[in-house]
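S.K.: Any chance you can model this:
(chains A and B)
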Amino acid sequence: MKRLWYFFREAFMSLRTHRASTLIGIITTAFTLTSFGTFLLLYHNVHNLIGQVQHNIQIIVYPNDAIEPHMLQDLKKSIQADVAIDSLTLISKTDALKDFKDQFPDEAYLLDGLGKNPFPASLILKLAETIPSTDAISKLVNRLQQNPNVERVRYNRDWIERLTLVITYMEIGALIVGGVLALASITIIANTVQLAFYTRQEEIEILRLIGGTNLFISIPYLIEGAIIGGLGGGIALGFLRAGFEFFKHKTHMLNVIGGFSSVFEFFPFSLSLLIILGGIILGCLGTFTSMYGWMRFRL
Amino acid sequence: MIQLFHVTKYFEGCLALSDISLRIEKGECVLLTGSSGAGKTTLLKLIFGSEHPDDGQILVQNRNIARLRRADVPYHRRTMGFVLQNFKLLPHRTVFENVSLPLIIRGLSSFEAKRKVIEALRAVGMEHKQTTHASVLSAGEQQRACIARAIVNSPIILLADEPTGNLDPQLTTEIAELFKKINARGTTVLMATHNRQVVEQLNGRILRLDCGHLISDQGAYA
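M.R.: Got it, this is the predicted structure:
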């Protein structure tokens, strides 16, 4: 308990004593995490937007006109069992006719001469929100096309493929940019901690002199790194929120992105916590990398 | 207690200690003398585990220091105290905080730590200065605080490297007297010094080093 108290007291005392380097550490972490967060926020919203667009993509299945009701039920069940599908709506022949009449009341007279309802029944399939791969969609469509109870399947293959490709590229891009920014953060924090470290060599020497292990000496510095990283993460989150609100307000006022500005959302609570946690982890990693090299060859 | 067998040490190709063999018994007061660069500090550092010998073996309390794993060095150091010429106190901490550090490292309870710190400070006559910051202490007081920190763990061996190097003759007498008292309580004292006053006052066994060679050993136990 006394040790724990010592570790935290040392960490806070050091933060207070070395105000300048602490401030530099917090600011650099905040800026690095803000750039990373901006990218993450962009990715999060584009991903959401694409998800929504994709969710609205429909596959329309036209069953045979002569399909028996129990066969239609079987067809519905087999479609619903597919993971790529979120929901399924049956539009009966009667519903299709009614929809036409509702939408085009002036043209309803055209149907009078036909006697029989010319509209086919259809099944409207909506894709799952967890974006299915093009392969999964193709497999489903192929399966449906081979079904003897299905007359025709209509969907925009090119559009779905292009969208899936965009998502894949975005994910690869996110990984690369995220990785580079995370490495940059670690390097910056490591340098900041190392600077603080050099100013305290005397102190570390004293601790070694009286039998302090590397772990004992390191813990206050790790706590210090975690505090710097956590505060930097918190500030970055504040910057991101303010920037996001400003952007949303401006785009809403100017109507720059059409109706899409209402779709934009900030990070959910869990992701916000993850930014702060990311800051803490970066702070610890930065401390660890700078300390490891320093302590490795010292007796 | 401490045994050296044919210990040799080089620093960047220069000979610092050459084929040193000696034996120090429990409770002895040993004074390492010789001019600057004779190898006194190197010998202390080897015993303390902050340097490895290039050749030979060092046994401290039957533990071979030459073969000590890096991770075990701190635990070896906890069994001894080390007093340096330049004090090495944390300037922004109080005397109490400085002296209690070795006990915190060992993980002693607050109650036990406080009792031991007060005891150590009383032994060096610094009980009244426990709340004073180390940076405002005089040189003599700093060295006393440093000695208190070295003895707070009740070490079996106390190493000292020119502990009176920065002190005037009056303070030197006081510090030497402290070492004498510590030795009288059974602690083995090994001190590097070239101060004649200290050598005479402590009246211990004298090991004379010259250019890394042990040239004389006066007053060794039979």
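S.K.: When you work out contacts or count neighbours from here on, use the C-alpha atoms and nothing else.
M.R.: Will do.
S.K.: mind listing what the closest residue to chain B within the stretch 101-250 of chain A touches?
M.R.: The stretch 101-250 of chain A approaches chain B most closely through A:G211 (4.1 Å), counting by C-alpha to the nearest C-alpha. For A:G211, the contact set (C-alpha atoms under 8 Å, 6 or more residues apart in numbering or on different chains) comprises B:73-78, B:102, B:105.
S.K.: Next: A:T32.
M.R.: A:181, A:184-185.
S.K.: Point out the least confident one among these.
M.R.: Looking at these, model confidence by pLDDT dips furthest at A:S185: 71.
S.K.: mind checking the SS state of that one?
M.R.: helix (DSSP: H, G, I helix; E, B strand; the rest coil).
S.K.: Pull out the buried members of the contacts of A:G211.
M.R.: Among the contacts of A:G211, those classed as buried by 16 or more other C-alpha atoms under 10 Å in any protein chain shown are B:73-74, B:76-78, B:102, B:105.
S.K.: Please identify which of these is nearest to A:P268.
M.R.: B:I105 (42.8 Å; C-alpha to C-alpha).
S.K.: Surely that closest one is in a helix?
M.R.: Yes. Assessed by three-state DSSP, B:I105 belongs to a helix.
S.K.: Check what pLDDT it gets.
M.R.: Looking at B:I105, the pLDDT reads 90.
S.K.: and it, how far is that from chain A?
M.R.: In this view, B:I105 and chain A are 6 Å apart by C-alpha to the nearest C-alpha, to the nearest Å.
S.K.: about what we covered before: among the contacts of A:G211, which lie within helices?
M.R.: B:73-77, B:102, B:105 (DSSP state H).
S.K.: Can you lay out the residues you listed as JSON lines showing distance to A:T199?
M.R.: What follows is those, written out as JSON lines (distance: C-alpha to C-alpha, whole Å):
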{"residue": "B:V73", "distance to A:T199": "24"}
{"residue": "B:P74", "distance to A:T199": "23"}
{"residue": "B:Y75", "distance to A:T199": "26"}
{"residue": "B:H76", "distance to A:T199": "27"}
{"residue": "B:R77", "distance to A:T199": "24"}
{"residue": "B:P102", "distance to A:T199": "22"}
{"residue": "B:I105", "distance to A:T199": "22"}
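S.K.: wait, which of the residues you listed is closest to chain A?
M.R.: The shortest approach to chain A among the ones in helices among the contacts of A:G211 belongs to B:P74, at 4.1 Å (C-alpha to the nearest C-alpha).
S.K.: Under the pLDDT cut-off, which ranges of chain A? List them.
M.R.: Within chain A, the segments meeting pLDDT under 70 span A:1, A:51, A:54-55, A:129-134, A:157, A:192-193, A:196-197, A:253-263, A:293-299.
S.K.: ok, which stretches of chain B are helices?
M.R.: Using DSSP H, the helices found in chain B span residues B:40-48, B:73-77, B:95-106, B:110-123, B:139-151, B:169-184, B:196-202.
S.K.: and if you look at the stretch 151-299 of chain A?
M.R.: Ranges of helices within the stretch 151-299 of chain A are A:157-199, A:201-209, A:214-254, A:269-296, based on DSSP state H, counting those that start in this stretch.
S.K.: Take those and write them to JSON lines, including distance to B:E12 and mean neighbour count.
M.R.: Listed next are those as JSON lines, based on distance: least, C-alpha to C-alpha, whole Å; neighbours: other C-alpha atoms under 10 Å in any protein chain shown:
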{"stretch": "helix A:157-199", "distance to B:E12": "24", "mean neighbour count": "17"}
{"stretch": "helix A:201-209", "distance to B:E12": "22", "mean neighbour count": "18"}
{"stretch": "helix A:214-254", "distance to B:E12": "26", "mean neighbour count": "20"}
{"stretch": "helix A:269-296", "distance to B:E12": "20", "mean neighbour count": "19"}
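S.K.: can I get the ones you listed in JSON lines with distance to chain B?
M.R.: Shown next, in JSON lines, are the helices of the stretch 151-299 of chain A (distance: least, C-alpha to the nearest C-alpha, whole Å):
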{"stretch": "helix A:157-199", "distance to chain B": "13"}
{"stretch": "helix A:201-209", "distance to chain B": "6"}
{"stretch": "helix A:214-254", "distance to chain B": "7"}
{"stretch": "helix A:269-296", "distance to chain B": "10"}
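S.K.: returning to what we had before: quick one, what contacts the nearest residue to the residue of the stretch 101-250 of chain A closest to chain B once chain neighbours are set aside?
M.R.: Among residues not flanking A:G211 along the chain, B:P74 sits closest, at 4.1 Å (C-alpha to C-alpha, 6 or more residues apart in numbering or on different chains). Applying C-alpha under 8 Å, 6+ apart, we find B:P74 in contact with A:208, A:210-213.
S.K.: tell me the two of those residues that are most distant?
M.R.: Top of the distance list for these (C-alpha to C-alpha): A:I210 and A:T213, 9.4 Å.
S.K.: Looking only at neighbour counts, state which of those two leads.
M.R.: A:I210 (24 against 17; other C-alpha atoms under 10 Å in any protein chain shown).
S.K.: And the helix or strand harbouring A:Q73, what does it pack against?
M.R.: Assigned by DSSP states H and E, A:Q73 belongs to helix A:69-80. With contacts taken as 3 or more C-alpha pairs under 8 Å, 6 or more residues apart in numbering or on different chains; DSSP states H and E, helix A:69-80 sits against strand A:85-91.
S.K.: beta partners of the residue nearest the centre of chain B?
M.R.: Centroid check for chain B by C-alpha atoms, centre = their mean gives B:L159 as the closest residue, at 1.6 Å. Using DSSP bridges, the bridge partners assigned to B:L159 are B:F82, B:L190.
S.K.: OK, contacts around it?
M.R.: Applying C-alpha under 8 Å, 6+ apart, one finds that B:L159 lies in contact with B:44, B:80-83, B:189-191.
S.K.: Reformat the contacts of A:T32 as JSON lines; add distance to A:I276.
M.R.: Output for the contacts of A:T32, formatted as JSON lines (distance: C-alpha to C-alpha, whole Å):
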{"residue": "A:L181", "distance to A:I276": "15"}
{"residue": "A:A184", "distance to A:I276": "17"}
{"residue": "A:S185", "distance to A:I276": "13"}
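S.K.: before we move on, back to that, quick one, which of the helices of chain B is packed in tightest?
M.R.: Counting by mean count of other C-alpha atoms under 10 Å in any protein chain shown, helix B:139-151 has the highest mean neighbour count of the helices of chain B, with a mean of 25.
S.K.: Restricting to C-alpha, output that helix in PDB.
M.R.: Only the C-alpha atoms of helix B:139-151 are listed here, as PDB (Å, rounded to 0.1, in the frame of the first residue of the first chain):
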ATOM      1  CA  ALA B 139      27.100  19.800   3.600                       C
ATOM      2  CA  GLY B 140      27.600  18.100   7.000                       C
ATOM      3  CA  GLU B 141      23.800  17.600   7.500                       C
ATOM      4  CA  GLN B 142      23.500  16.200   3.900                       C
ATOM      5  CA  GLN B 143      26.200  13.700   4.700                       C
ATOM      6  CA  ARG B 144      24.500  12.700   7.900                       C
ATOM      7  CA  ALA B 145      21.200  12.200   6.100                       C
ATOM      8  CA  CYS B 146      23.000  10.200   3.500                       C
ATOM      9  CA  ILE B 147      24.500   8.000   6.300                       C
ATOM     10  CA  ALA B 148      21.100   7.600   7.900                       C
ATOM     11  CA  ARG B 149      19.700   6.400   4.500                       C
ATOM     12  CA  ALA B 150      22.600   3.900   4.200                       C
ATOM     13  CA  ILE B 151      22.000   2.500   7.700                       C
END
